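In: Need a 3D model of the following:
(one chain, ligands or ions: 2)
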Amino acid sequence: MKDMRDFIAQAEKEGELKRIKAQVDWNLELSHIAKLNEEKSGPALLFENVKGYKTPVITSVCTTTRRLALIMGEPRGSSLVDLMRAWVEKGKKSIPPKWVKSAPCKENVMKGNKIDLFKFPVPKFYPKDGGRFFGTAHFVISKDPETGWVNLGTYRAQLLDKNHLGVQFIKGKHADIMLKKYAAMKKPMPVAAVIGCDPLLFLTGAARISAFTSEYDFAGAVRGEPIEVVKGETVDLPIPAHAEIVVEGEVDASKFMPEGPFGEYTGYYSGVGTDDRNFIKVNCVTYRNNPVFWGTTVGRAVTDTHMTMALTYGATLWQQLTEMKIPGIKAVYCPPEGSGRFLAIISMKQMYPGHADQVGTAAISTEMGAYGLKTVIVVDEDIDPWDIPRVLYALSFRFQPNRCQIIKRGRSTPLDPSLPIDARDITGRIIIDATIPYEWKEKPIPIELDPEMVKKVQARWKELGFKG
Ligand SMILES: Cc1cc2nc3c(=O)[nH]c(=O)nc-3n(C[C@H](O)[C@H](O)[C@H](O)COP(=O)(O)O)c2cc1C
Ligand SMILES: [Mn+2]
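Out: Ligands and ions are numbered 1, 2, ... in the order given. Have a look, this model is predicted:
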């Protein structure tokens, strides 16, 4: 799969895409149709008739495990955890992108006073949003001015006027780290925002791939072949050759404009009463003939963005734990209900005293975990972390409050609605050890039925008056 058009063709073939031919308004109507459809785990939607526009809008691309499997090229019956496992396995390799000279994303070029971002059918998602959001299922490309490391990161982008997009690089995110370096050099940071492309690239933009690693190399590894890139028109950055819409520009760290609020994946608005944000001053827009505009509804769980994050954040946590080479980790699950980021459940085979504590503290020390992860539940290997009834069993019969650990201070996210709006820099964390302690000489004796008696009883089942 090279681009959004390949996804559309394949999804349509597999009954995973619906074309909406009736006219819909970009102003709330489109997003509300998409959200209600996603709440029913419906198909990807291609809105072909957006009022006032010729350009179609696609939504709900990542809403179901089946479509995430389609994007990753995995068997369609895969579970979320199967996909996370494949992500970790394939991501052990690194395949850098391949440069090409000419590319479809350059079919049309807008520069200077010809630039008008209102030419695209940008949706307004929620009633209290600060405006229309150009970048949701998108990513921003930037380059480290010292090392040349190329980063892809999904940071929401609000349409401020015909050539400005507000951006929210949360502190410590890779684009923020890079922007601070440009600021020290008193230079603006060149960026490119990509709207519509191979959906895998968006997944990697949303994933918390470790610092100094390019998401392009990772996406290439998952695809098993290099991602084709072409040089930007006005920025020295690699751009996906088959992108639908590319917005090139620069971010000046010292300049701000009002941005937000935005209905976030926590189910609450963020950017309410907080500072102004940096913005992209747009210098060039390139797009394919008949481009497809891509958006995701974000908002309350569980829909498109939550499935995206459950896969990408969860897989990143698993990947980073794997890189720490801790033995015994069986599976990691970050439920979509927590957007794949606030709560993690890890199953493990204990091999020595303190092993479960090591796994819990390691999880909150990974780059992924050291951000907004608040609760880690560690369970024994006989419990699948996605099997929530079994996790509740462990929390009831193996967990002991005296063995849980509370960490008082750690990096937080300004999006966490459990903290006061003006005090979201620092969060607490809890590690819940729901395992049976390894060092116990005497362990609780599990009840097993007597196998001989089971056989005997089963042989008499009908005689006893049971049907099935
Ligand atoms: C739809 C969507 C919107 C997001 N919006 C933002 C945002 O506005 N700011 C931000 O810092 N992270 C946002 N994220 C999370 C980042 O994409 C994620 O943390 C990613 O790791 C950032 O890339 P980086 O690790 O290269 O910095 C969003 C994720 C998704 C899926
Ligand atoms: Mn990154």
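In: For ligand 2, what is the nearest residue in the protein?
Out: Closest contact between the chain and ligand 2, by Cβ to the ion, is at His174 (3.8 Å). C-beta here means a position set from N, CA and C on the backbone, and glycine is covered the same way.
In: Now do the contacts for that residue.
Out: Residues near His174 by Cβ atoms under 8 Å, 6 or more residues apart in numbering: 142, 151, 153, 211.
In: so the spatially most central residue of the chain, which of the three states?
Out: By Cα atoms, centre = their mean, the chain has its centre lying nearest to Met309, at 3.1 Å. Following DSSP: H, G, I helix; E, B strand; the rest coil, we place Met309 in the helix state.
In: Excluding covalently adjacent residues, which one is nearest to it?
Out: Counting by Cβ to Cβ, 6 or more residues apart in numbering, Gly340 is the residue found nearest to Met309 once chain neighbours are left out, at 4.0 Å.
In: now Gly196
Out: Glu244 is the one closest to Gly196 (Cβ to Cβ, 6+ apart), at 2.9 Å.
In: Ligand 1 contacts on the stretch 51-200 of the chain?
Out: The stretch 51-200 of the chain comes close to ligand 1 at residues 136, 151, 153-156, 168-170, 173-175, as judged by Cβ under 6 Å from any ligand atom.
In: Most neighbours out of the residues you listed, which is it?
Out: Within these, Thr154 tops the neighbour count with 28 neighbours, counted by other Cβ atoms under 10 Å.
In: could you list every residue that touches that residue?
Out: 135, 137-140, 202, 205-206 are the contacts of Thr154 under Cβ under 8 Å, 6+ apart.
In: Report pLDDT for it.
Out: On pLDDT, Thr154 comes in at 98.
In: Please tell me how far it sits from Tyr438.
Out: 40 Å (Cβ to Cβ, to the nearest Å).
In: now Val57
Out: Taken as Cβ to Cβ, the span from Val57 to Tyr438 is 53 Å.
In: about what we covered before: so can I have CSV of the residues of the stretch 51-200 of the chain next to ligand 1 showing secondary structure?
Out: Compiled in CSV, these are given as follows (three-state DSSP):
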residue, secondary structure
Thr136, coil
Asn151, strand
Gly153, strand
Thr154, coil
Tyr155, coil
Arg156, coil
Gln168, coil
Phe169, coil
Ile170, coil
Lys173, coil
His174, helix
Ala175, helix
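In: so which of those comes closest to Lys456?
Out: Thr154 (59.6 Å; Cβ to Cβ).
In: Specify which residue of Val57 and Tyr438 has the higher count of neighbours.
Out: The neighbour comparison of Val57 against Tyr438 (other Cβ under 10 Å) goes to Val57, with 26 against 16.
In: residue contacts, that one?
Out: Contact analysis of Val57 by Cβ under 8 Å, 6+ apart lists 26, 30, 46-47, 50, 121, 123, 292-295.
In: Can you tell me, leaving aside adjacent residues, what's nearest to Ser210?
Out: According to Cβ to Cβ, 6+ apart, the nearest residue to Ser210 is Glu367 (5.6 Å).
In: Check which element follows the helix or strand harbouring Leu159 along the chain.
Out: Per DSSP states H and E: Leu159 is located in strand 157-161. Next along the chain after strand 157-161, taking DSSP H and E as the criterion, comes strand 164-167.
In: Can you give the contact residues for that next one?
Out: Residues outside strand 164-167 that contact it (Cβ under 8 Å, 6+ apart): 117, 134-135, 140, 155-160, 175, 193, 247, 249, 251, 257-260, 277-282.
In: which residue ranges form the strands in the stretch 301-450 of the chain?
Out: 329-333, 343-348, 375-380, 405-411, 426-433 (DSSP state E, counting those that start in this stretch).
In: Isn't Thr136 up against Gly299?
Out: No. Applying Cβ atoms under 8 Å as the test, Thr136 and Gly299 come out as separate, 10.3 Å apart.
In: which residues do the two both contact?
Out: Joint contacts of Thr136 and Gly299 (Cβ under 8 Å, 6+ apart) are 125, 305.
In: which of the contacts of strand 164-167 are buried?
Out: Buried subset of those (neighbour count, 16 or more other Cβ atoms under 10 Å): 117, 134-135, 140, 155-160, 175, 193, 247, 249, 251, 259-260, 277-280, 282.
In: May I see the contacts of Val57 arranged in TSV, with neighbour count as well?
Out: TSV is the format used below for these (neighbours: other Cβ atoms under 10 Å):
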residue	neighbour count
Trp26	22
Leu30	24
Leu46	20
Phe47	28
Val50	22
Pro121	22
Pro123	27
Val292	22
Phe293	26
Trp294	24
Gly295	28
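In: Sheet-wise, list the partners of the lowest-mean-pLDDT helix or strand in the chain with their directions.
Out: Lowest by mean pLDDT, DSSP states H and E among the helices and strands of the chain is strand 269-270, with a mean of 94. Taking DSSP bridges as the criterion, strand 269-270 forms sheet pairs with strand 262-263 (antiparallel).
In: List the contacts of the strand it pairs with.
Out: For strand 262-263, contacts defined as Cβ under 8 Å, 6+ apart pick out 125-126, 128-130, 133, 156, 158, 269-271, 298-300.
In: can you do 6 Å?
Out: Contact with strand 262-263 is made by 125-126, 129, 156, 269-271, 299, as judged by Cβ atoms under 6 Å, 6 or more residues apart in numbering.
In: for stretch 287-301, same thing?
Out: Here stretch 287-301 has contacts from 4, 31, 34-35, 55-59, 104-105, 107-108, 120-121, 123, 136-137, 195-196, 244-245, 263, 265, 267, 303-305, 337, using Cβ under 6 Å, 6+ apart.
In: distance between the ends of it?
Out: End-to-end distance of stretch 287-301 (Cα to Cα, to the nearest Å): 32 Å.
In: Quickly check: that stretch near ligand 1 or not.
Out: Yes. Under the criterion of Cβ under 6 Å from any ligand atom, stretch 287-301 makes contact with ligand 1 via 296, 298.
In: Return the set of buried residues in that stretch.
Out: Neighbour-count burial for stretch 287-301 [16+ other Cβ under 10 Å]: 287-288, 291-301.
In: just checking, which of those residues belong to strands?
Out: Using DSSP state E, 287, 293-294 are the members of the buried residues of stretch 287-301 that sit in strands.
In: Is it possible to get TSV of the residues you listed that adds distance to ligand 2 and pLDDT?
Out: Output for those, formatted as TSV (distance: Cβ to the ion, whole Å; pLDDT from 0 to 100):
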residue	distance to ligand 2	pLDDT
Tyr287	25	98
Phe293	24	98
Trp294	20	98
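In: Could I get the contacting residues of the residue lying closest to Met348 once chain neighbours are set aside?
Out: Leaving aside its sequence neighbours, Met348 sits nearest to Gly328 (Cβ to Cβ, 6+ apart; 4.7 Å). Shown in contact with Gly328 (Cβ under 6 Å, 6+ apart): 348-349, 351.
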